[in-house]
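Visitor: Structure for the following, please:
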Amino acid sequence: MTHFWHPFAEMSKVKHKPFIVDRGEGIYVYDEEGNRYLDAAASLWYMNVGYGRDEIIDAMSAQARKLPAFHAFIDYGTRAPMELAERIAGVSPDPDSKVFFGSGGSDAVDTAAKLTRRYFNAIGQPERTVFISREWAYHGMHTYGTALGGMEPNRAGYGGELVSEVVIVPHDDPEAVEKAIDHAGSERIAGIFVEAVIGAGGIRPVDSGYLTSVREMVREAGGLYISDEVITGFGRVGDWFAANLYDLDPDLITFAKGVTCGYAPLGGVVAAPHIAEPFFSTPGLVFRHGYTYSGHATACVAGLVVMDIIEREGLLERAAQLESEIYEALRPLEDLPVVDNIRRGVGALAAIQLEVGDDDALPYRAAEACRRAGVLTRAVGGGGLQVSPPLTMNPEQVSEMGQLFADGLNSL
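Guide: The predicted structure follows:
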């Protein structure tokens with residue numbers, strides 16, 4: 001029996017038979033018996049540049065030998081996070097933005113929520129404490145992220161509200177946002193968290209008009225527009241950020257996953273200049289928040305090399321091309337009785353929506369069947385299967401992925 005407690009796992013089933021991934025190469029991973037699997041989910045959305053990138057590993061090794069890490073509290077720092085912050089700001093909607101680092105996406109969301117409230121307190125509007133979020137949203141599993149999440153099973157069982165003053169609205173209805181603002185009172189709105197393409201909740205894009213509309217509503221009320229780009233950032237949607245793609249000009253951007261593509265844990269928040277300004281110009285004003293590994297030197301070196309690879313290999317453009325390639329490869333699956341439809345995302349994102357009916361376990365059985373056929377995916381909210389492969393995938397591999405999905409789903 002394993003001593004390792006797996007996240008999001010029914011351990012009564014997993015304890016005797018975990019699936020062990022042993023190594024990775026390109027878009028494929030191998031188990032301990034040497035069986036090969038096409039990774040159609042880029043692990044957990046993040047392996048954008050593929051496995052086995054020696055230049056990332058070598059750069060991390062060199063940094064770790066020189067100085068693996070040193071804390072960044074108060075005025076301490078190392079060079080790598082400063083350089084990475086500048087690079088990230090430079091590809092964000094405003095190159096004068098500031099970047100606050102943590103260890104992952106959940107850190108980023110909690111940081112963004114706390115920074116929002118602290119910002120309003122600093123500018124004399126402490127009553128702005130209400131956040132709006134959307135059904136099907138996933139914003140990590142720290143306390144704020146759990147409360148902001150729009151999937152009820154992730155919030156259940158913790159004994160009431162973990163964070164008060166969070167309003168959940170339908171994911172695609174701008175009028176519901178307007179009503180939420182009116183009900184709470186515009187003077188109390190702190191901000192809205194928005195995934196331009198909802199990820200774990202089922203790969204659910206909305207049109208750009210929705211995004212612009214809710215941004216303007218919240219801003220008119222005086223709140224912040226917070227673009228959660230933990231999944232969509234660093235190339236996944238065909239740009240560095242969905243905020244660039246849709247010209248959203250957010251107040252805050254959360255990021256993680258693709259920033260290091262899994263080679264090290266890292267995440268953070270991009271704060272627009274007007275949000276950072278009070279903290280950078282007011283003597284005595286401190287954002288009393290941070291983590292032991294905020295600005296971890298070795299992790300940030302990985303981020304710098306990942307950005308080099310994305311730029312050098314044209315992976316932003318490749319992600320945009322993958323949108324239609326993935327959809328066309330998966331569309332024949334709609335002929336299968338078990339498949340309801342293929343939901344086209346943005347860039348390298350899609351979902352195989354299953355015909356679940358009363359069988360809530362079907363997506364999990366389907367994911368296991370696909371794994372037996374040689375393609376890795378997982379169940380996402382609403383009865384679908386995740387498709388978010390590495391951005392390095394070529395057209396032949398896209399076709400291979402479609403066939404492997406067909407083999408797995410046909411076996412049900």
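Visitor: list the helices and strands the worst-scoring helix or strand of the chain on mean pLDDT packs on?
Guide: Least confident helix or strand, the chain: helix 152-155 with a mean of 92, by mean pLDDT, DSSP states H and E. Judged by 3 or more C-beta pairs under 8 Å, 6 or more residues apart in numbering; DSSP states H and E, helix 152-155 is in contact with helix 143-148. Heads up, the C-betas are built off the backbone N, CA and C, glycines and all.
Visitor: average pLDDT for stretch 402-412?
Guide: Mean per-residue pLDDT for stretch 402-412: 97.
Visitor: repeat for stretch 336-353
Guide: 98.
Visitor: Return the set of buried residues in that stretch.
Guide: Within stretch 336-353, the residues that count as buried by 16 or more other C-beta atoms under 10 Å are 336, 338-340, 342-353.
Visitor: re earlier: looking at the helix or strand that the least confident helix or strand of the chain is followed by now, give me its mean pLDDT.
Guide: Downstream of helix 152-155, the first helix or strand assigned by DSSP states H and E is strand 166-169. Strand 166-169 comes out with an average pLDDT of 97.
Visitor: What degree of burial does residue 130 show, as a neighbour count?
Guide: A count of neighbours around residue 130, defined by other C-beta atoms under 10 Å, yields 23.
Visitor: actually residue 220, sorry about that
Guide: Using other C-beta under 10 Å, the number of residues around residue 220 comes to 12.
Visitor: The closest residue to it other than its chain neighbours and residue 131: what is the separation?
Guide: Of all residues not flanking residue 220 in the chain, residue 186 sits nearest, at 7.7 Å (C-beta to C-beta, 6 or more residues apart in numbering). Residue 186 sits 14 Å away from residue 131, going by C-beta to C-beta, to the nearest Å.
Visitor: Which residue of the two possesses the greater neighbour count?
Guide: Comparing residue 186 with residue 131 by other C-beta under 10 Å, the one with more neighbours is residue 131, at 27 against 15.
Visitor: hang on, that one packs against residue 184?
Guide: No. Using C-beta atoms under 8 Å, residue 131 makes no contact with residue 184, being 9.7 Å away.
Visitor: okay, and the common contacts of the two?
Guide: 165, 167 (C-beta atoms under 8 Å, 6 or more residues apart in numbering).
Visitor: Which positions within the lengthiest helix in the chain qualify as buried?
Guide: Counting residues, the longest helix found in the chain (DSSP state H) is helix 105-122. Buried residues in helix 105-122, counting neighbours by 16+ other C-beta under 10 Å, are found at 105-113, 115-120, 122.
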